[in-house]
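J.: Got a predicted structure plus its sequence, pasted below:
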Amino acid sequence: MKRTQNDTVQNSNNSNKKPKLENQITIVNDNKSCLENLTDELLFEIFDYLDTYHIYKGFYYLNKRFKNIFINSTIPEAINILPMSKSNFENYYINIILPNRYRINLLRLTNPFTLDAIFSPPSIIVEFIHLETLILDNVQSKNLDKFFYCLRSLTKFHSLTLSIADNIEFLNDIFSNVLRLSKLKYCKIIYQTKHDETPFSPSFTTYNRSSIEYLIINGRFPFDSLNNLLCCLPRLRHLSMDSFYKSSFRDLDEDLPLIELKYLKYASLKFGYFIRFDDFEHLAKKFFYHVQTLRLTTNDDEQYLNAKRWQKLIVSVMPYLCIFDINHHGSIQNNNFTYHDIINRFNSSFWLENEWFFTHRHEWSERLDCGIFYSINQYRRQEYKFCWEFENQICPNIQETRLNSIKHLSIYGKQATNNSVSYFPNVTQLTIEHYFKTFGDSIPKTLNRLIPLKQLTKLIIKSYDFPFIVIVKLLRCTPKLTTLKFDSFVLDEMNMKLFEQSKLFEYVSNTNTIKNLEIRNDYLFKQIQLIVNLLPKLEYFKTGMNRKEMGNIIRFLITKPNDIIQNLFFLCISETPKICLREINMLIKLENLVNDYFIKYVNRDLYLWW
């Protein structure tokens, strides 16, 4: 945090900073009037631990001195719009964002309604003359041209993270606009397409030379257009793309001009089916000569398991390669060799001298001709798929027992084991794909032998038959959890009443810190009521709703009876008919549930903000 006065506190020893701050906070908690006795420098030290909005809420209205300290500081340089009510945002916008728009250098907007406030009219955003970094979530594709038109006038703008809310049909709407941002250096794009449709490929006919150095694309991209895209990125240093499809079965375009990506040091690519080793080899020969780190996820084509072919490619085409991280899922069709014969060739001196080590797992004990072959080096990726069935395999392989780099663990399988030797000490995000049975112990105890549940911040449960009581027991063991997603839960109406009166329910309701909740099924009013009573600190709620009870549910969530969910002002009703937009709008107006609100319909989801 920058100061307008001297920077003595800022440059002091960090080891002494936190104890000093904690002592002052204790005093302030005992006697609020002590705030007046704190020096400006100590206040700035406190501000270092807070978001700009929290500083605004906590100090701006206390008195004139605190207001002036806030106004005259350089605090509002980074604006991250946290979940808040519509009226609070409007006050924040008027008092902080607009007056400081000339010096704000970072802006993050996650609510689709706040995007409209900043970008409508366009004359507002163009006055953010020092804006360097912009993070936009839930952008509608129809607004892309308007957003990019505004961004092209910002001379210092160089970092964009863009997440698109609805399905993209024309990829050109994104990439033609991105390449026109002349000073862009960092670009992360997150989008989705319809699974049953192939989006129209982007056109790079002009071959604009973009300034992008870091490019991350999370969305289905046509492999056939990758060559064209890379030809536009002569300064590229870091490339990460997590999904490809083949729009045709032809080789990459040979007629394009050859370009040397001499700055490209990092490449991470996740290939789906039909992207052959031949395709990758052609790509590497054209663009990957200077690459030092290669992370590759592949499927199907057994040529990805050809150790000699890999060795030849690396030596001749990627001589600077230091980190080789591969994850291949597939089978062997060659009747002359077994799966183990093929992968054992990665134990030759070439691989050992480079300290590139590998192991494998079979999906099923009766299928030894296929499996997952992957790197086990210390630089392994942060995501890992764990299957209970793997633990009982008789196939000898190199066992990884303590996977320190893994942050996100996905668990598959329907029968847990009590003697798993694997442990993931640094996992903060857990995805449970199936409801699994255990031998005697509870699910929380079984999971706690794999990961320290107490440090989880995000939990995703994809099983449709996961018992609600087990979910609540997991919440009791995850005090740091802030985000919860699940598809469905099993609990009948009679047990709902008894369970809500239990000590377990009361304890979890009083102690959990969940702010973001997403559930998929269409729920009844009593089920929504149960969930909200369990998670009273919610700030964002996305759920399906039973159409007949939608009115009761909306009325309950907006009026907030019994002082619950006091921080919930943003609701997303998923997979709902468009006519519900008019019905809910009429309900709110006729019953005067709230005077100031926004409502919109995006990609079969209905958003309500009040």
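T.: That came through fine.
J.: Check the burial of the nearest residue in space to Arg449 that is not next to it in sequence by counting its neighbours.
T.: The shortest distance from Arg449 to any non-neighbouring residue, by CB to CB, 6 or more residues apart in numbering, is to Ser420 (6.5 Å). For every residue, glycine as well, the C-beta is placed using N, CA and C. Using other CB atoms under 10 Å, Ser420 has 16 other residues around it.
J.: now Cys187
T.: Using other CB under 10 Å, Cys187 has 23 other residues around it.
J.: what does the helix or strand hosting it rub up against?
T.: Assessed by DSSP states H and E, Cys187 sits inside strand 186-192. Residues from elsewhere that reach strand 186-192 (CB atoms under 8 Å, 6 or more residues apart in numbering): 133, 158-164, 167-168, 174, 178, 212-220.
J.: Just the buried subset of those, written out for ChimeraX, thanks.
T.: In ChimeraX syntax, the buried subset of those is picked out as below (16 or more other CB atoms under 10 Å):
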select :133,158,159,160,161,162,163,164,168,174,178,212,213,214,215,216,217,218,219,220
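J.: Among the contacts of strand 186-192, which lie within helices?
T.: Ile174, Val178 (DSSP state H).
J.: any idea how far Tyr507 is from Thr482?
T.: 18 Å (CB to CB, to the nearest Å).
J.: With Phe200 instead?
T.: 38 Å.
J.: how close does Lys480 sit to Asp563?
T.: Taking CB to CB as the measure, Lys480 falls 24 Å from Asp563.
J.: If you count surrounding residues, which of the two has more?
T.: Per other CB under 10 Å, whichever of Lys480 and Asp563 has more neighbours is Lys480, with 13 against 7.
J.: Return the backbone torsion pair for that one.
T.: Main-chain torsions, Lys480, degrees, to the nearest 10: phi -100, psi 0.
J.: residues near Ile479, how many?
T.: Just so we're on the same page, residue 479 is Pro rather than Ile. Pro479 has 14 neighbouring residues, counting by other CB under 10 Å.
J.: do the same with the one 5 residues further on
T.: Neighbouring residues of Leu484 were enumerated by other CB under 10 Å; the total is 24.
J.: How about Thr39?
T.: Counted with other CB under 10 Å, residues neighbouring Thr39 total 9.
J.: List the contacts of it.
T.: Thr39 neighbours (CB under 8 Å, 6+ apart): none.
J.: How confident was the prediction at it?
T.: The confidence metric pLDDT takes the value 84 at Thr39.
J.: Same question for Ser420.
T.: Looking at Ser420, its pLDDT stands at 74.
J.: How about the secondary structure of it?
T.: Here Ser420 takes the coil state, with states given by DSSP: H, G, I helix; E, B strand; the rest coil.
J.: Relative to Leu115, how far out is it?
T.: For Ser420 relative to Leu115 (CB to CB), the value is 45 Å.
J.: Equivalent analysis for Asp48, please.
T.: 29 Å.
J.: which of these two has more neighbours?
T.: Between Asp48 and Leu115, Leu115 has the larger neighbour count (other CB under 10 Å), namely 20 against 12.
J.: What distance separates the opening and closing residues of stretch 84-102?
T.: Its first and final residues considered, stretch 84-102 spans 24 Å by CA to CA, to the nearest Å.
J.: How about that stretch, which residues are buried there?
T.: Residues of stretch 84-102 classed as buried: Met84, Ser85, Lys86, Phe89, Tyr92, Tyr93, Asn95, Ile96, Ile97, Asn100, Arg101 (neighbour count, 16+ other CB under 10 Å).
J.: just stretch 38-45 next, same as before
T.: Within stretch 38-45, the residues that qualify as buried are Leu38, Asp40, Leu43, Phe44, Glu45, counting by 16+ other CB under 10 Å.
J.: and Ile104, how many neighbours does it have?
T.: 21.
J.: got it, and Tyr607?
T.: The number of residues packed around Tyr607, counting by other CB under 10 Å, is 20.
J.: Pairing partners for it in the sheet, please.
T.: Cys572, Lys600 (DSSP bridges).
J.: Go ahead and confirm it touches Cys572.
T.: Yes: if you go by CB atoms under 8 Å, Tyr607 and Cys572 touch, sitting 5.4 Å apart.
J.: what pLDDT, on average, does stretch 307-322 get?
T.: Averaging pLDDT along stretch 307-322 yields 98.
J.: can you check stretch 469-478 too?
T.: Averaging pLDDT along stretch 469-478 gives 96.
J.: Can you give me the buried ones in it?
T.: By neighbour count on 16+ other CB under 10 Å, the buried set for stretch 469-478 is Ile469, Val470, Ile471, Val472, Lys473, Leu474, Leu475, Cys477, Thr478.
J.: which neighbours does the strand or helix carrying His328 have in its sheet, and in what orientation?
T.: In the assignment (DSSP H and E), His328 maps to strand 323-331. Strand 323-331 has the following strand partners under DSSP bridges: strand 293-299 (parallel), strand 370-375 (antiparallel).
J.: what's the least confident stretch among those strands?
T.: strand 370-375 (a mean of 88).
J.: Run a quick neighbour tally on Lys142.
T.: 10.
J.: what are the phi and psi angles of it?
T.: Backbone dihedrals for Lys142, given as degrees, to the nearest 10, come out at phi -70, psi -20.
J.: Now do it against Leu107, distance only.
T.: Taken as CB to CB, the span from Lys142 to Leu107 is 21 Å.
J.: what does Thr39 give?
T.: For Thr39, the distance to Leu107 equals 31 Å [CB to CB].
J.: Arg237 too?
T.: Distance from Arg237 to Leu107, counting by CB to CB: 24 Å.
J.: Can you pick out the residue with more neighbours from the two?
T.: Between Arg237 and Leu107, counting by other CB under 10 Å, Leu107 is the more crowded of the two (21 against 16).
J.: That one contacts Tyr93, correct?
T.: No: contact between Leu107 and Tyr93 fails when scored by CB under 8 Å: they sit 11.8 Å apart.
J.: Which residue ranges of the stretch 401-550 of the chain form strands?
T.: Per DSSP state E, counting those that start in this stretch, the stretch 401-550 of the chain carries strands over the ranges 408-412, 429-432, 458-461, 483-486, 516-523, 540-545.
J.: now those strands as a markdown table including mean pLDDT?
T.: A markdown table is the format used below for those (pLDDT from 0 to 100):
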| stretch | mean pLDDT |
| --- | --- |
| strand 408-412 | 94 |
| strand 429-432 | 97 |
| strand 458-461 | 98 |
| strand 483-486 | 96 |
| strand 516-523 | 92 |
| strand 540-545 | 96 |
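J.: Of those strands, which is nearest Phe59?
T.: Taking CB to CB, strand 540-545 is the member of the strands of the stretch 401-550 of the chain nearest to Phe59, at 25.4 Å.
J.: ok, then the element right after the closest one?
T.: Following strand 540-545 toward the C-terminus (DSSP H and E): helix 550-559.
J.: Give me the angle between that next one and strand 516-523.
T.: 160 degrees (axes from the mean of the first three to the mean of the last three CA atoms, to 10 degrees).
J.: show me the contacts for Thr161.
T.: Counting by CB under 8 Å, 6+ apart, Thr161 makes contact with Leu134, Ile135, Leu136, Tyr186, Cys187, Lys188, Ile190.
J.: can you check Asp301 too?
T.: Contacts of Asp301 by CB under 8 Å, 6+ apart are Ile275, Arg276, Phe277, Gly330.
J.: and the first one, how many neighbours does it have?
T.: Counted with other CB under 10 Å, the neighbours of Ile275 add up to 22.
J.: Quickly find the element holding it.
T.: Counting by DSSP H and E, Ile275 is part of no helix or strand.
J.: pLDDT value on it, please?
T.: pLDDT for Ile275: 94.
J.: does it really touch Phe244, like I thought?
T.: Yes: taking CB under 8 Å as the definition, Ile275 is a contact partner of Phe244 at 5.7 Å.
J.: which neighbours do those two share?
T.: Applying CB under 8 Å, 6+ apart, one finds that Ile275 and Phe244 are jointly contacted by Phe223.
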